[in-house]
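J.: Got a sequence here, can you model it:
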Amino acid sequence: MLDTLILSRIQFGANISFHILFPTISIALGWFLFYFKIQHNRTGLDCWKEAYQFWIKIFALTFALGVVSGITMSFQFGTNWPGYMETVGNIAGPLLAYEVLTAFFLEATFLGVMLFGAKRVSQRVHTLATFLVAFGTSLSAFWIIALNSWMQTPQGFTMIDGRAHAVDWLAIVFNPSMPYRLSHMMLASFLTVSFFLAGISAYRYLRNSRSEANLMVMKMALTAAMVLTPIQIMLGDLHGLNTLHHQPAKLAAMEGIWNGGTGVPAVIFGVPNKQTRTNDYEISIPKLASFYLTHSWDGEVKGLNDFGDKIPPVAPVFFAFRVMVGIGVLMLLFSWLGRWQMRQNRPLPKLLAKGLVLMTFSGWVAVLAGWYVTEIGRQPYLVTGVLTTAQAATTLPTGMVFSTLFAYLALYVGLLAAYIWVVFYLARQADDKENPNFQLEKKSETSWSLFRT
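T.: Next comes the predicted model:
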C-alpha cells in the first residue's frame, strides 16, 4: 500500500536521483576543463581551446540543472521530512550551510568569469576562474558526502532531549565511512565524465568528425577511464570492508547473505525472498564471500537473519549492487579495448564507436545503482541507530504527497529528455561548423538512428 511514508520516500528518491546526475558530471567536467585550459596555455594548440569552448557549454547546462534540482530537493527536508531537521538539524544545518557558503558561492561567483570572461580578463585570471569553479564543485561534494556519511556512521554528537548536539565537529565530518565514500564518489564522477566525453566524441566521430580536438578528447577520456576503473574497483573493495565493519546489515543485503557464520558462500545469482528469508534460484560459490570480505576462507560474516527485523529491503539493494558491478566491468572492457584500438592514431572501428555512444551515460546508471545501495541499504534508519525513516516522515495527507510526486516525475522526465537532446544537438552543431559543406541525408532523424541495422 502506498501510504504517506512510502510516497515521501519515493518522492525524495526521485528528487535525489534526478539531482545527483548533474553534480556527478559537473564535478569532474570542471577539472577536465581546467586541464584543457592548462594545456592550451602551455602548448598554444588550438585543439585544446576548441575542446574547452565546446565542453564549457555542456558544463554550463549541467551546472544550471544541478542548481535547480538541488533547490527543490532541499525544500523536502521541511515538507516531507520535518522530523529530520527537528532531530538532527543542529548537525545537518551547519554542514549544509558550509556547503553553500564555501562551495556554491565560490562556483557561482567565478562561473560568470569562466563563461563570459575569456576575452575580458587575462588568460591567467580566466584559468584561475576555471580552477576555482572546479575546486568549488569538489568542495561542495566534500560537504554533502560528509553529511551523508555521518548519517550512515554517526559519531561526535550527543543526544539531549531527543535532539542531536555536536560535541566534536572533526569527528562528525571525518566519520568512519567518509573517506571511503568521498573517494568512491569522486572517482565515480571522473569515470562518469570520462565515458560522457568518450561517448559524445564517438558520436561526432560517427558523423565523420575527424577534428584534432575531438579525437584528442576521446583518446584522453579513454585513457582516464582505463586508469581509473581498476582503481575504483580496488577502492570499492576497501569501501565494502568498511561497510562490513560499520553497517553489516547493509553488506549482508548487498551480498544476499541470509545465514551468517564462517566460510560463507558468495551468491552469484539469486532472487531474495523476504517471506522465506532465503534466496530463490540461488547460484553460489562456497566460502568465496568470506574470502573477499574478510580475506580468509573461514572468515566470519553476519547474515540478515542475525539482525531480526532491522534489515533493509533486500531485493533492491541486492540487484542494484550487481548493476553497479556490471557497469564497472563494462567500463573496464570498453576503456581498455577503445584505448588499444586508438593507439598510434589508428582509426576507431565503427562497431566500437557505436558501443562507446551506448556507454555515454553508463556512469549515470552506475552512480544511481550505487546510490540506491547506499540509501536503501541504510533502512529502516535515516540516521543509523539514531532516527528511523518513519520517525522523520511527514503527516501530510497521502493525496497531497502523491500529487506533488506526479508533478515532480513529469517535470524530471521532460527535463532529462531535454538535457540529453541538447547535448547531442550541441555535438551536431559543432560538427556542422567543422564541416559546413557536409550534408547528412538523415538530417531529420534522431541521434539514435546510428544504431539501426
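J.: Now do stretch 239-249, average pLDDT.
T.: Averaging pLDDT along stretch 239-249 gives 89.
J.: What residues sit buried inside that stretch?
T.: H239, G240, L241, N242, T243, L244, H246, Q247, P248, A249 (16 or more other CB atoms under 10 Å). In short, each C-beta sits where N, CA and C put it, glycine included.
J.: Tell me the one of those nearest K49?
T.: H239 (38.4 Å; CB to CB).
J.: Hmm, that closest one is touching L182, no?
T.: No. Using CB atoms under 8 Å as the test, H239 is too far from L182 to be in contact (10.4 Å).
J.: can you redo the buried residues of stretch 239-249 as CSV with distance to L332?
T.: Below are those laid out as CSV (distance: CB to CB, whole Å):
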residue, distance to L332
H239, 17
G240, 17
L241, 21
N242, 22
T243, 22
L244, 24
H246, 28
Q247, 27
P248, 28
A249, 29
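J.: Could you export those to TSV, including columns for distance to R9 and secondary structure?
T.: As requested, these are exported to TSV (distance: CB to CB, whole Å; DSSP: H, G, I helix; E, B strand; the rest coil):
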residue	distance to R9	secondary structure
H239	24	helix
G240	25	helix
L241	29	helix
N242	25	helix
T243	21	helix
L244	26	helix
H246	23	helix
Q247	19	coil
P248	23	helix
A249	18	helix
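J.: Distance check, the nearest residue to F77 once chain neighbours are set aside against G385.
T.: The shortest distance from F77 to any non-neighbouring residue, by CB to CB, 6 or more residues apart in numbering, is to M85 (5.5 Å). Applying CB to CB, to the nearest Å, the value for M85 to G385 is 18 Å.
J.: So for the two, which sits in the more crowded spot?
T.: Between M85 and G385, M85 has the larger neighbour count (other CB atoms under 10 Å), namely 15 against 9.
J.: In contact with that one, which residues are there?
T.: F77, G78, A92, G93 (CB atoms under 8 Å, 6 or more residues apart in numbering).
J.: Please apply the same query to I283.
T.: By CB under 8 Å, 6+ apart, the contact list for I283 reads V267, I268, F269, G270.
J.: Name the helix or strand for it, please.
T.: Element membership of I283, judged by DSSP states H and E, is strand 278-285.
J.: Listing partners with orientation, what would you give for that strand?
T.: In its sheet, strand 278-285 lies beside strand 266-273 (antiparallel), with partners assigned from DSSP bridges.
J.: what is the rounded mean pLDDT of the partner strand?
T.: The pLDDT scores in strand 266-273 average 89.
J.: Phi and psi next, for T262.
T.: Here is the backbone geometry of T262 (degrees, to the nearest 10): phi -100, psi 150.
J.: so it makes contact with D298?
T.: Yes. T262 lies in contact with D298 (CB under 8 Å); the separation is 4.9 Å.
J.: joint contacts of these two?
T.: S290.
J.: in this structure, which ranges drop under the pLDDT threshold?
T.: For the chain, the stretches flagged by pLDDT under 70 are 1, 431-453.
J.: what helix or strand is the residue positioned nearest the centre of the chain on?
T.: When CA atoms, centre = their mean is applied to the chain, the residue found nearest the centroid is V367 (3.6 Å). Element membership for V367, per DSSP H and E: helix 362-376.
J.: what's in contact with that helix?
T.: By CB under 8 Å, 6+ apart, helix 362-376 touches 13, 16-17, 20-21, 24, 148, 152, 181, 184, 188-189, 191-196, 250, 254, 312-313, 316-317, 320-321, 323-324, 327-328, 330-331.
J.: Okay, and which of those map to strands?
T.: Judged by DSSP state E, strands contain none of these.
J.: and those residues, which of them are in helices?
T.: 13, 16-17, 20-21, 24, 148, 152, 181, 184, 188-189, 191-196, 250, 254, 316-317, 320-321, 323-324, 327-328, 330-331 (DSSP state H).
J.: which SS state does L128 fall under?
T.: helix (DSSP: H, G, I helix; E, B strand; the rest coil).
J.: what's the burial count for it?
T.: L128 has 17 neighbours, counted by other CB under 10 Å.
J.: Could you do A410 as well?
T.: A410: 10 surrounding residues under other CB under 10 Å.
J.: dump the residue contacts of it.
T.: By CB under 8 Å, 6+ apart, the contact set of A410 is empty.
J.: element containing it?
T.: helix 398-434.
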